[in-house]
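[1] Okay, here's the prediction I keep looking at, along with the sequence it came from:
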Amino acid sequence: MNVENLTHEEIKTLHTLFGKLLDEPQPRVYLNIVNKYIDDILDNFNFAKVLKTMEALDWQWRGETPSLDDLREQAERLLRGAIEARLGDYKSSHWELGVINGTGGFQATAFCDEAKTRITGLDLKFVVSEWDEGEPEE
């Protein structure tokens with residue numbers, strides 16, 4: 001198509017059509033399902049509630065109240081760290097055990113398949129308080 005042959009109205013119509021195409025949300029394509037898990041968690045986790053809780057408790061990171069972007073970045077970093085640990089340093093752990101990576105209230109857990117070759121699930125929590133007691137499992 002040669003745009004030099006188009007009328008002014010045809011060019012305006014093309015701009016409108018291309019603009020609509022660019023404004024429509026494009027579906028995400030995942031080559032690795034783990035990235036989908038992470039995106040789903042980051043899209044659905046209630047970071048605003050975490051921030052509200054932190055503000056109410058005057059909970060700070062490095063002397064500052066984090067922003068929503070800080071919370072999301074930290075969560076993603078912890079999720080990726082849990083994945084790396086589950087398939088890396090802690091690969092020798094029993095396959096049914098999740099590997100936890102946490103800091104600043106966040107706790108990210110990664111689970112793997114029996115062969116310990118792929119991630120089968122991820123979990124993200126914001127923990128305000130927790131207590132555990134009992135005999136260790138053998």
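    The structure has been received and is ready for your questions.

[2] OK, contacts around Glu133?
    Residues near Glu133 by Cβ atoms under 8 Å, 6 or more residues apart in numbering: none. Bear in mind the C-beta positions are built from the backbone N, C-alpha and C, glycine included.

[3] what does Thr53 give?
    By Cβ under 8 Å, 6+ apart, the contact list for Thr53 reads 59, 126, 128.

[4] Quick one: residues contacting the first one.
    Shown here is Trp59, whose contacts under the criterion Cβ under 8 Å, 6+ apart are 53, 65, 105.

[5] returning to that earlier point: so can I have CSV of the contacts of Thr53 showing secondary structure?
    Listed next are the contacts of Thr53 as CSV, based on DSSP: H, G, I helix; E, B strand; the rest coil:
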residue, secondary structure
Trp59, coil
Phe126, strand
Val128, coil
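
[6] ok, so of these, who is nearest Asp43?
    Phe126 (16.0 Å; Cβ to Cβ).

[7] isn't the closest one right up against Ala48?
    No: with contacts counted by Cβ atoms under 8 Å, Phe126 stays clear of Ala48, the gap being 11.5 Å.
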